[in-house]
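Asker: A predicted structure for the sequence below; I have some questions about it.
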Amino acid sequence: MSKKQYASVWDAIEDTPEEAENMKLRSSLMMALKAHLERTGLSQLQAAKLFGVTQPRISDLMRGKINLFGLDALVNMAAAAGMHIEMRLLEAA
């Protein structure tokens, strides 16, 4: 049995590099949104109204249910929260 090292958990558990990159981006956005909501003290209902989604959707976000969120939805939520997203592309190592 060989031991392989990975740069992130997503690299280890996803089937392809493309899926791993997608999960890394979604995870980063979800953590930033959760931190924003905690910092601002918005209730889940207030956040839902701000983001244009339902309260159960905010609950899913706060519980980290990443499989329920696509990149588009997370980008839209961040923009509705007044957050600015920057993207940086690097050559693979």
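Answerer: Thanks, I have the structure now. Because the structure is predicted, anything quoted here is derived from the model rather than measured. Residues are numbered from 1 along each chain as shown.
Asker: Check which residues of the longest helix seen in the chain are buried.
Answerer: Counting by DSSP state H, the longest helix found in the chain is helix 17-40. Going by neighbour count (16 or more other CB atoms under 10 Å), the buried part of helix 17-40 is 20, 23-27, 29-30, 32-33, 36-37. C-beta here means a position set from N, CA and C on the backbone, and glycine is covered the same way.
Asker: That helix packs against which elements?
Answerer: helix 9-13, helix 55-62, helix 71-80 (3 or more CB pairs under 8 Å, 6 or more residues apart in numbering; DSSP states H and E).
Asker: ok, then the element right after that helix?
Answerer: helix 44-51 (DSSP states H and E).
Asker: Go ahead and name everything in contact with that next one.
Answerer: If you take CB atoms under 8 Å, 6 or more residues apart in numbering as the criterion, helix 44-51 is touched by 37, 42, 54-55, 57-59, 62, 76-77, 80-81.
Asker: Show the buried residues in those.
Answerer: 37, 42, 57-58, 77, 81.
Asker: between these, which is nearest residue 92?
Answerer: residue 77 (28.5 Å; CB to CB).
Asker: mind listing what that closest one touches?
Answerer: Per CB under 8 Å, 6+ apart, neighbours of residue 77: 29, 33, 51, 53, 61.
Asker: So, low pLDDT: which residues of this structure?
Answerer: 1-2, 11-12, 93 (pLDDT under 70).
Asker: ok, residue 83 - contacts?
Answerer: 32-33, 36.
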